[in-house]
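[1] Fold the following and give me the result.
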Amino acid sequence: MKHIISACFFLFSWSMFSQNVTVTVDKTVTLKEFFKQIEQQTDFKFAFTDQINVSQKYFTQEHTYKNIEIKELINELNKSALLQFSVVGNNIFVKQKVTKAPKKKNKLTGQVFDESKQPVIGANIFIKELSTGTTTDADGKFSLEVDKGSYTVLISYLGLKNKEKQLTVADDTRMNFFMDAADSQELEQVIITNSKAVDVRNTQMSVNKLSMEEIKRIPAAMGEPDPLKSILTLPGVTNAGEASSGFNVRGGAADQNLILLDGAPVYGDSHMFGFFSIFNADVVNGLDLYKGGIPSKFGGRVSSVLDVSQQTGDFENYKVNGGIGLISSRLLVQGPIEKEKGSFIIAGRASYAHLFLKLADNKNSAMFYDLNAKLNYRLGANNTIAFSGYFGNDVFDINDRFSSTYGNTMGILSWKHKFSDNINTNLSVFYSDYKFNLGLQSENFEWDNKISSYGLKYAWNHTVSEKLKLNYGIDGQYYDFNPGTVQPTSADSQFNYKQLDKKYALESSAYLDFEHQITKKLNLRYGLRYSMFYRLGDENINTYENGNAVVYNPLYHIYQEGTPTGSISYGKGKTISKFNNLEPRVALSYAFNDDNSVKASYNRMAQYIHMLSNTQSPLPMTIWTPSGPFTKPQLLDQYAAGYFRNFKDGDYSFEGELFYKKIQNRIDYIDGADILANNDIEQVILNGKARSYGMELLFRKNTGDFTGWVSYTLSRAEQKTPGRTAEEPGIANGDWYLSGYDKLHNLSIVGSYEYNPKWSFNANFSLQSGQPVTYANEYYEFGGINIPNYSLRNENRLPVFHHLDLAATYTPKPDKKKGWQSYWVFSIYNVYNRKNAASMTFTTNEDTGANETRRLSIFGIVPGISYNFKF
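    Got it, this is the predicted structure:
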């Protein structure tokens, strides 16, 4: 009987479903009209709740269903209509569709600290189950979006122990991670998940990062680790030679580099005429060198940005570390101001070579000292106030006849505020100056010059989603230039007091930068910076015939200083000249897979202040001047493309880049230009252009007992200053000529070997093409004196520059982690005693009367030793 009933029900249902209808629906048909069409052709009735409004139009598509079975019609309607239809017996039930809410992503945020409670910049955050990750920012913070679930988070950073933690994410989750210093035995294990493997998906290219762990491994002259000298081992970076200040990036001049210390600009970068940099390795946390693809938040220079950050003091414990070297020593103290809330760090260095000179009855003296300080205070979970400062000075005295004092002062006060997990801001004000004093006791006069700047920055970081991040902000700087004050030091001086015209300027800008993940493989970074510059009074500006401050003498075929025809007086704060520029930036990366990608970038940048120097190595007495009526802003356009790859899970990495850059309005000087104490500097300056192009290669071994890298650059840097008229030849006949910063070949090999927990060894080999110079190609006699006649500008080169440096580090008690800890560093700079030429001079031998070429070398072999400690 049961089977008979079931069979009857089946036949009844089948007959109901098999009924065919013809129905028309569109956006104008109400539900009531639709019901009527079905009920007139079949035995079906509709059932629905009061929530269904039969007078409403629920259909989204226009369609006519002809002779269609009820079952098939229901299936079709359920695909497109805003309602859900179902058949039970001879009833069609209608209800609202249940739309599933999109699955909510949860934010996993946090901050990474080292054992001193300092934020770790650039630490790798990796989630094993998702095979995805990110890196920490300048405050050691990170943010990821993940689904609910349990995950294994791995944190790694060079020189610190890996940190692995299991966690469950059920909602937005915040967690801090603390990393311990790695034992030497564990170093290989730590580096395996190193932060030096190439980030193939990141759009940022043409940037090199060095941790202090790496910097301290690179041998340097005098045995002192030097952050600034360490970047010379990277592709595309050179300098004028041994004991020279400044550095050159992709053929650019030293004044085209923006140097930032905790966000504030620094104008002088060296001590003792280039023997040491101003950066104390003990207090520096790390550095980033941007050579191209520069983000929109940076501006004001056209070659590179060197962004140096100082450590944050320990929030819980007092600590001391330092070192004693052959000619200088250093000491650092850090600790809490209030535990968990405030901290301080103070570091100082001083040289004492002048004491040895006095013991040897040598009247010459040379010394430097500097002081770094940083204070941090947390005002709750969302606010932090910080102050960073630097003060440094060099003092020279040559036999009581020549003396010089020069140095930097910098201070920056910042307030970091967190509006939410997605929005962070940093408001800062700063002051920075560089001053130089020159005294000639034999002439009884002193000369001082100085640049000062006062600035404000307001930066916003906004994470819109995991795939879109915004960085935007404003900044402004006010400049005060003192090109020179000459004053007599005694009544019998031949010099009178003279104040060269001071100059003033205001620079401001606004920027917007997008980091956009288009697909898993394609990432874009694009932005725009708008900069403005105002040259301000109080100043008198000379006027010249035809507006030319430099004139050409066709009789002698030389450029000469023009003669002013008058002057225009501008009152205090009045605008003398104004400039503005749009500076677009764009970069992209396309990842073929997790291990290799291609990247490309373009950036335009403007530079409104210039350093006056007609030597290839910037001296401490160099003078800064603003753009104005006769000196236009420099404008850069740079293009770069590259290929990036990791091998063997990041054990090895390769970076290869091609670049091309062109600069408008590059300052050039007439032959014999006198820039010292020149109140009419426009009379010796011409506006030209520059270009450079080349290839950079960097191969790294990131893991194991032996690590290091090989970098090679093949490049060309040229300058061109054509004549302004058909009659004028320009500089070097108006053709492209080698700039003073051209280095055709540049090779660096850096290696570190961990022999055992007590001993490690490091080596650095450097080879560069000789610097372009101008040699004498013939002599002529005048009044019985042989006078050299020189070739075209920079037509010759110094000999090839190369040296090999070695260092060994000995740690007596590597397992000791508390109390007094120490290690020794033994180094040899220029192992094979290469006499690299710093300059060539052409003279006449006083005894024989023969013409001579003399080569000046700075360094031969230089041994070094330092004792380093902490407790």
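
[2] Helices along this structure, start to end?
    Shown for the chain, the helices assigned by DSSP state H span residues 2-17, 31-41, 70-80, 187-191, 212-215, 227-230, 353-359.

[3] Name the stretch from those helices where average model confidence is lowest.
    Comparing these by mean pLDDT, the weakest confidence falls on helix 187-191, with a mean of 32.

[4] Now residue 486: closest residue in space that isn't a chain neighbour?
    residue 498 (4.3 Å; CB to CB, 6 or more residues apart in numbering). From N, CA and C alone the C-beta is placed, and that goes for glycine too.

[5] wait, the one you found sits on residue 488?
    No - using CB atoms under 8 Å, residue 498 is not in contact with residue 488; the gap is 9.8 Å.

[6] ok, residue 730 - how many residues close by?
    Using other CB atoms under 10 Å, residue 730 has 19 other residues around it.

[7] Just name the shakiest helix or strand of this protein by mean pLDDT.
    Taking mean pLDDT, DSSP states H and E as the measure, the helix or strand of the chain with the lowest value is helix 187-191, at a mean of 32.

[8] re earlier: for the residue nearest to residue 486, what are its contacts?
    Under the criterion of CB atoms under 8 Å, 6 or more residues apart in numbering, the neighbours of residue 498 are 484, 485, 486, 487, 677.

[9] same question, residue 135
    122, 123, 124, 125, 142, 195, 199.

[10] measure it to residue 124 for me?
    For residue 135, the distance to residue 124 under the criterion CB to CB, to the nearest Å works out to 6 Å.

[11] cool, residue 280 as well?
    Applying CB to CB to residue 280 and residue 124 gives a distance of 27 Å.

[12] Please verify my assumption that residue 249 contacts residue 303.
    Yes - here residue 249 reaches residue 303: they are 4.9 Å apart, a contact under CB under 8 Å.

[13] which neighbours do those two share?
    Joint contacts of residue 249 and residue 303 (CB under 8 Å, 6+ apart) are 256, 257.

[14] before we move on, the earlier item: which two in the contacts of residue 498 are spaced the farthest apart?
    For these, with distances taken as CB to CB, the pair at the greatest spread is 487 and 677 (11.6 Å).

[15] Compare the contacts of residue 498 and tell me which is most surrounded.
    When the contacts of residue 498 are compared by neighbour count (other CB under 10 Å), residue 484 ends up highest, at 21 neighbours.

[16] Could you list the low-pLDDT ranges of the protein?
    Within the chain, the set of residues satisfying pLDDT under 70 comprises 1-18, 98-104, 116, 158-159, 181-197, 221-223, 243, 356-362, 615-619, 849.

[17] what about 50?
    Counting by pLDDT under 50, the chain contains low-confidence ranges at 1-17, 184-196.

[18] Return the alpha-carbon coordinates of stretch 167-176 using PDB.
    As requested, the backbone C-alpha atoms of stretch 167-176 are provided in PDB (Å, rounded to 0.1, in the frame of the first residue of the first chain):
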ATOM      1  CA  LEU A 167      48.400  32.400  17.000                       C
ATOM      2  CA  THR A 168      44.700  32.200  16.400                       C
ATOM      3  CA  VAL A 169      43.000  35.100  14.600                       C
ATOM      4  CA  ALA A 170      39.300  35.400  15.400                       C
ATOM      5  CA  ASP A 171      39.000  39.200  15.000                       C
ATOM      6  CA  ASP A 172      41.400  42.200  14.500                       C
ATOM      7  CA  THR A 173      44.500  41.100  16.300                       C
ATOM      8  CA  ARG A 174      47.500  43.100  17.500                       C
ATOM      9  CA  MET A 175      50.700  41.500  18.900                       C
ATOM     10  CA  ASN A 176      54.200  42.700  19.600                       C
END
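
[19] quick one: it to chain centroid distance?
    On the basis of CA atoms, centre = their mean, to the nearest Å, stretch 167-176 is displaced by 32 Å from the centre of the chain it belongs to.

[20] contacting residues around it?
    Residues outside stretch 167-176 that contact it (CB under 8 Å, 6+ apart): 106-113, 146-151, 153, 165, 421.

[21] Return the set of buried residues in it.
    By neighbour count, and taking 16 or more other CB atoms under 10 Å as the criterion, the buried residues in stretch 167-176 are 169, 173.

[22] Of the contacts of stretch 167-176, select the buried ones using a PyMOL command.
    Applying 16+ other CB under 10 Å to the contacts of stretch 167-176, the buried members can be selected in PyMOL as follows:
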select buried, resi 107+108+109+110+111+112+113+146+151+153
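
[23] roughly how far apart are the closest residue to residue 711 other than its chain neighbours and residue 258?
    The spatial neighbour of residue 711 that comes closest, neighbours along the chain excluded (CB to CB, 6+ apart), is residue 235 at 4.1 Å. Residue 235 sits 19 Å away from residue 258, taking CB to CB as the criterion.

[24] Look at these two and report which has more neighbours.
    Higher neighbour count among residue 235 and residue 258: residue 235, with 26 against 21, using other CB under 10 Å.

[25] Now do that one against residue 228, distance only.
    Taking CB to CB as the criterion, residue 235 is separated from residue 228 by 16 Å.

[26] cool, and residue 727?
    Using CB to CB, one obtains 45 Å as the distance from residue 727 to residue 228.

[27] ok, now residue 324?
    When CB to CB is applied, the distance between residue 324 and residue 228 equals 22 Å.

[28] What segments of the stretch 51-200 of the chain are strands?
    Under the criterion DSSP state E, counting those that start in this stretch, the stretch 51-200 of the chain contains strands at 63-69, 83-88, 91-96, 106-113, 124-127, 132-135, 141-146, 149-157, 160-169, 173-178.

[29] Out of the ones you listed, which is closest to residue 823?
    Distances from residue 823 to each of those were compared using CB to CB; the minimum, 17.6 Å, belongs to strand 160-169.

[30] and the closest one with strand 141-146, angle?
    Strand 160-169 and strand 141-146 meet at an angle of 40 degrees, taking axes from the mean of the first three to the mean of the last three CA atoms, to 10 degrees as the criterion.

[31] just how off-centre is strand 160-169 within its chain?
    In terms of CA atoms, centre = their mean, the centre of strand 160-169 is set 29 Å apart from its chain centre.

[32] How about stretch 737-757?
    20 Å.

[33] same check, this time on stretch 575-583
    25 Å.

[34] hang on, the earlier thing: can you put the strands of the stretch 51-200 of the chain in JSON lines and add distance to residue 576?
    Output for those, formatted as JSON lines (distance: least, CB to CB, whole Å):
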{"stretch": "strand 63-69", "distance to residue 576": "73"}
{"stretch": "strand 83-88", "distance to residue 576": "73"}
{"stretch": "strand 91-96", "distance to residue 576": "71"}
{"stretch": "strand 106-113", "distance to residue 576": "47"}
{"stretch": "strand 124-127", "distance to residue 576": "51"}
{"stretch": "strand 132-135", "distance to residue 576": "45"}
{"stretch": "strand 141-146", "distance to residue 576": "44"}
{"stretch": "strand 149-157", "distance to residue 576": "50"}
{"stretch": "strand 160-169", "distance to residue 576": "53"}
{"stretch": "strand 173-178", "distance to residue 576": "52"}
